[in-house]
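>>> here is a sequence with its predicted model. Questions after.
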Amino acid sequence: MLSTGEGADVHFLVGKEKELLKAHKCVMMFASAVYGSMFRFDDKNAKTKSSADCPHVIEVTDVEAEAFKVMLSFIYAEDLSELNGQNAMAVLYAANKYNVSLLVKALLAFPINELPNVFLAFVEARLLNEHDFSRRCLDYIDQNAKTLFESEEFLQIDQNLLCEIFERDQLKIDDELTIWKASIRWADEKCRQNAIECSAENRRAVIGPALFKIRFPLITKRDFSLNIVSSCVLTTEEVIAVFQYHCHSNLRGAPGQYPMAFPSHGRISDQKKGTLSMQIEKLSEFAREEVNSSRLSKHFYIKGLPWKILAKINAKKDSTEKWLGFFLCCTALKQDGNWSCKWSCKCSATHRIASLRSGTENLSSKYDHVFNNEVNNWGFPNFIAFTKLMDPSKGFYDKNEDKVTLVVDFTVEEAKGELADE
């Protein structure tokens, strides 16, 4: 019906080009309460006219033709094959406008990582009062802050959104210097857009209140001196206040000649506690791999250091049985910016495999260990035999799903390194 337009009694002229899209009132009324009200009202006032001979014509100027076609395909056949990252937000706008609730629900589950501009998507979702979707956008920004700050899309956000992002405790970044560099990159682009010089004064002006969302006290004295002081964006009083914060910890928070204008509490990546998890998909295939084969999780920053889970296939001496090695790794490198080649930190960790069965305890073991640049992973070479792990009666493995979840809960004490101590 949709592809042929046969029997169509409503014609939509969509977008700037007024592309003709034919549809049927009965179908549209069933899917959309908005069209239901519209067509019932029109029918009452046009009973003498034949809808087949004189189809209802509706101009739609605020929805793109491509997005409208996706909406029609869903209404007629629940077909979302043409939905993609480029048109998803436009389709969401159309679905909201016409109250196509099932389509809205489907769009709210759209993968955020497929959107070409998550910043724009966040703004549009909030304007549509789609709070769950806007929250997912913010979560994605938090998780991928460093990469997104280096994108071209970041340079197009406005000052209000810059403030909102910089204020977030949840940003997962290597260090606060990342925020500073992002702010300068953004400011220089705004200066270019406004055809003004990229001077210290203009940088400060365009960054505006977002400057006071940057946690300068968290930046090491060395990096603060080399990167921030030399930029001349901060006033002399602000610079002295930060150095005073570093040099006189006993006076922090006390009233003084140079009050601190910048927040000093850590972000999530600066916190002491964290939880890492890794799902090993196709566990049966992994278990058949050679000894020393491994899987590595994505990193998670705690106390400014990157942590990962390492799963490895091991075998005990004089035995062919394979065991799951379960390790926590700290992968700080010399190039990490905050760390030299010598560093150390004390860590308390609990390794566990999540139970799939209620009433069954997780399989867990714990330890205290000092991680350093020479011994940067620790854990259990023979955490559990694969035969036991994959035994359904133990409650850790479902043959149909063929996966297992490894979890590490850990607390990191203050990390020490040559640059961190300066």
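Here it is on my side, so go on.
>>> any idea how far residue 2 is from residue 97?
19 Å (C-beta to C-beta, to the nearest Å). All C-beta atoms are positioned from the backbone trio N, CA, C, and that covers glycine.
>>> got it, and residue 61?
12 Å.
>>> these two - which one has more neighbours?
residue 97 (15 against 9; other C-beta atoms under 10 Å).
>>> low-confidence stretches in the stretch 201-350 of the chain?
Low-confidence segments of the stretch 201-350 of the chain (pLDDT under 70): 249-257, 269-271, 304, 332-341.
>>> 90 instead?
Counting by pLDDT under 90, the stretch 201-350 of the chain shows low-confidence ranges at 218, 220, 244-260, 264-276, 298-307, 316-320, 330-345.
>>> what about the strands in it?
273-281, 294-296, 300-302, 305-315, 322-330, 343-353 (DSSP state E, counting those that start in this stretch).
>>> deepest in the core, which of those strands is it.
Highest mean neighbour count among the strands of the stretch 201-350 of the chain (mean count of other C-beta atoms under 10 Å): strand 322-330, with a mean of 23.
>>> mind listing the strands it pairs with, and their directions?
strand 305-315 (antiparallel), strand 377-385 (antiparallel) (DSSP bridges).
>>> and it, how far out from the chain middle?
Relative to its parent chain, strand 322-330 has a centroid offset of 27 Å by C-alpha atoms, centre = their mean, to the nearest Å.
>>> one more: stretch 22-30?
That offset, for stretch 22-30, works out to 38 Å (C-alpha atoms, centre = their mean).
>>> before we move on, what about stretch 373-385?
29 Å.
>>> could you list the buried residues of it?
373, 376-380, 383-385 (16 or more other C-beta atoms under 10 Å).
>>> can I get these in JSON lines including distance to residue 211 and pLDDT?
As requested, the buried residues of stretch 373-385 are exported to JSON lines (distance: C-beta to C-beta, whole Å; pLDDT from 0 to 100):
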{"residue": "373", "distance to residue 211": "35", "pLDDT": "82"}
{"residue": "376", "distance to residue 211": "36", "pLDDT": "87"}
{"residue": "377", "distance to residue 211": "39", "pLDDT": "90"}
{"residue": "378", "distance to residue 211": "41", "pLDDT": "94"}
{"residue": "379", "distance to residue 211": "43", "pLDDT": "96"}
{"residue": "380", "distance to residue 211": "47", "pLDDT": "96"}
{"residue": "383", "distance to residue 211": "48", "pLDDT": "96"}
{"residue": "384", "distance to residue 211": "51", "pLDDT": "95"}
{"residue": "385", "distance to residue 211": "56", "pLDDT": "95"}
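>>> can you put these in TSV and add distance to residue 28?
Compiled in TSV, those are given as follows (distance: C-beta to C-beta, whole Å):
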residue	distance to residue 28
373	66
376	61
377	60
378	62
379	59
380	61
383	58
384	57
385	60
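>>> tell me the one among those residues nearest to residue 214.
Proximity of the buried residues of stretch 373-385 to residue 214, judged by C-beta to C-beta, is greatest for residue 373, which lies at 29.3 Å.
>>> am I right that that closest one is in contact with residue 345?
No: using C-beta atoms under 8 Å, residue 373 is not in contact with residue 345, being 10.5 Å away.
>>> assign a three-state SS to the most centrally placed residue in the chain, would you?
Geometric centre of the chain, nearest residue: residue 140, 1.5 Å, by C-alpha atoms, centre = their mean. Reduced to three states with DSSP: H, G, I helix; E, B strand; the rest coil, the structure at residue 140 is helix.
>>> so who does the closest residue to it other than its chain neighbours touch?
Distances taken as C-beta to C-beta, 6 or more residues apart in numbering put residue 112 closest to residue 140, at 4.3 Å, once the chain neighbours are dropped. Residues counted as contacts of residue 112 (C-beta atoms under 8 Å, 6 or more residues apart in numbering) are 118, 121, 136-137, 139-140.
>>> quick one: which of those is most hemmed in?
Going by other C-beta under 10 Å, residue 121 tops the contacts of residue 112 with 23 neighbours.
>>> quick one, grab the pLDDT at it.
You'll see residue 121 listed with a pLDDT of 98.
>>> give me the phi and psi for it.
phi -60, psi -40 (degrees, to the nearest 10).
>>> just checking, it touches residue 90?
No: counting by C-beta under 8 Å, residue 121 does not reach residue 90; the two are 10.8 Å apart.
>>> so what touches the helix or strand that residue 94 is a member of?
Here residue 94 sits within helix 88-97, counting by DSSP states H and E. With contacts defined as C-beta under 8 Å, 6+ apart, helix 88-97 is touched by 34, 62-64, 66-68, 70-71, 83, 100, 103-104, 107-108, 110, 114-115, 120-121, 124-125, 128, 130, 133.
>>> please list the members of those that lie in helices.
34, 66-68, 70-71, 103-104, 107, 120-121, 124-125, 133 (DSSP state H).
>>> only the buried subset of these, as a ChimeraX command please.
With 16+ other C-beta under 10 Å as the criterion, this ChimeraX line picks the buried residues out of the ones in helices among the contacts of helix 88-97:
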select :66,67,68,70,71,103,104,107,120,121,124,125,133
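>>> my read: residue 365 touches residue 378, true?
No: when contacts are counted by C-beta under 8 Å, residue 365 is not listed as touching residue 378 (11.6 Å).
>>> quick check: neighbours shared by those two?
By C-beta under 8 Å, 6+ apart, no residue touches both residue 365 and residue 378.
>>> buried ones in the helix or strand containing residue 178?
Using DSSP H and E, residue 178 falls within helix 176-193. Neighbour-count burial for helix 176-193, counted by 16+ other C-beta under 10 Å, picks out 176-180, 182-184, 186-187, 189-191.
>>> give me the pLDDT for residue 55.
81.
>>> distance of the residue nearest to the centre of the chain relative to residue 171?
From residue 140 to residue 171 the distance is 12 Å (C-beta to C-beta).
>>> who's in contact with the residue lying closest to residue 108 once chain neighbours are set aside?
Leaving aside its sequence neighbours, residue 108 sits nearest to residue 133 (C-beta to C-beta, 6+ apart; 5.1 Å). Residue 133 makes contact with 92, 107-108, 121, 125, according to C-beta under 8 Å, 6+ apart.
>>> most widely separated two among those residues?
108 and 121 (11.8 Å).
>>> which residues are in contact with the closest residue to residue 207 other than its chain neighbours?
Of all residues not flanking residue 207 in the chain, residue 187 sits nearest, at 5.0 Å (C-beta to C-beta, 6+ apart). Counting by C-beta under 8 Å, 6+ apart, residue 187 touches 198, 202-203, 206-207.
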